[in-house]
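Participant: Take this sequence and fold it.
(2 chains)
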2 protein chains.
Amino acid sequence: MNELPQNAFHRRPDLHVETEGEFAGWRTWTRDSFETHNGPFWHRMDENGQVRCAFRVEKKHLNGMRNVHGGCFMSFADYCLFAIASSVLEGPGVTVSFACEFLDAAREGELVECEGEITRAGGSLIFLRGVLKSGERSLFTFSGTIKRVKWKKPAGTAAVAT
Amino acid sequence: MNELPQNAFHRRPDLHVETEGEFAGWRTWTRDSFETHNGPFWHRMDENGQVRCAFRVEKKHLNGMRNVHGGCFMSFADYCLFAIASSVLEGPGVTVSFACEFLDAAREGELVECEGEITRAGGSLIFLRGVLKSGERSLFTFSGTIKRVKWKKPAGTAAVAT
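Facilitator: Now for the predicted structure:
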């Protein structure tokens, strides 16, 4: 994670690199209200150039059964799409489709990690897939599609969801 | 919304009926940390016996482009699955799969509403689909599958995500 083969991680002006605690050296984006409210979600590049994402389960992430809420897994997975795509995205993008399967539960205090990959990076669309795990236990599989968009001022209407 | 043909809405002990403001008469569930943290999300039964769901977009729901975050749409849609299924669920359930498409953006202050239906209610699985709208504008389409589960104490491991 010390050498970044691409400079993609540096493109967003709201990048924050953590300096303390268990996620020291990990990165997150700070201008996103929803992710800040639900995170912190983290990403870094490992020694093999693979993007890794993670978050530590807190009480606010749980459903009424005291397991991680499905919406939390999906929100984190949406974050992961953009972290994994960051080396090829080189600008703003929006999620246009997403699909997932819920395999197992996670509880408060667990570390949820993502392994994922770009399955195709086209001129307009980037296809990705991934799996969320707690240790060796698979929790959630997902795939998603990001569409590259041209940046418009906030008054514009083209951008859908990041 | 005054006459409820089923008593399903009454089964969960954490049901809250709002008494004030624009959502007076609407219902929500309160024991769900993630939904409470991200909501309030609301549901009610309309005069035709159809379940309606809604939330008002706040700053905490937005992404860095100031549109509703994809994870927020997905979290609300997961809530909608259980609200729409409540008349046939009659006990706890978990989401086992979910898929969606992002059609258009929503901004702070907009009212996001859900129309949805049960496409099949089986003995084990309940299949549903829906669309999120702002006024007449379609924002997001989704489908999901809920699996009925037997209730276990929180120490159990079967329940995945509500």
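Participant: Point out where chain A drops to low pLDDT.
Facilitator: A:1-11, A:151-162 (pLDDT under 70).
Participant: Helices of that one, residue ranges please.
Facilitator: Taking DSSP state H, the helices of chain A run over residues A:33-38, A:70-89.
Participant: looking at it, A:E101 is touching B:V96, isn't it?
Facilitator: Yes. Counting by C-beta atoms under 8 Å, A:E101 touches B:V96, with 6.7 Å between them. (C-beta placed from N, C-alpha, C; glycine too.)
Participant: got a list of what A:L103 touches?
Facilitator: A:L103 sits next to A:138-141, B:160 when contact means C-beta atoms under 8 Å, 6 or more residues apart in numbering or on different chains.
Participant: Out of the residues you listed, flag the one nearest to B:H43.
Facilitator: Of all these, B:V160 has the smallest distance to B:H43: 21.7 Å, by C-beta to C-beta.
Participant: quick one: A:S87 and chain B, what's the gap?
Facilitator: Distance, A:S87 to chain B, by C-beta to the nearest C-beta, to the nearest Å: 19 Å.
Participant: Isn't that residue up against A:V51?
Facilitator: Yes. Counting by C-beta under 8 Å, A:V51 is a contact partner of A:S87 at 7.4 Å.
Participant: These two - which one has more neighbours?
Facilitator: Neighbour totals were compared for A:S87 and A:V51, and A:V51 leads with 25 against 18 (other C-beta atoms under 10 Å in any protein chain shown).
Participant: check contacts around that one.
Facilitator: A:43-45, A:83-84, A:86-87, A:116.
Participant: Among these, name the buried ones.
Facilitator: Applying 16 or more other C-beta atoms under 10 Å in any protein chain shown to the contacts of A:V51, the neighbour count classes A:43-45, A:83-84, A:86-87, A:116 as buried.
Participant: Now distance to B:R31 too, for those, in CSV please.
Facilitator: Conversion of the buried ones among the contacts of A:V51 to CSV gives the following (distance: C-beta to C-beta, whole Å):
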residue, distance to B:R31
A:H43, 31
A:R44, 35
A:M45, 39
A:A83, 32
A:I84, 34
A:S86, 37
A:S87, 41
A:G116, 32
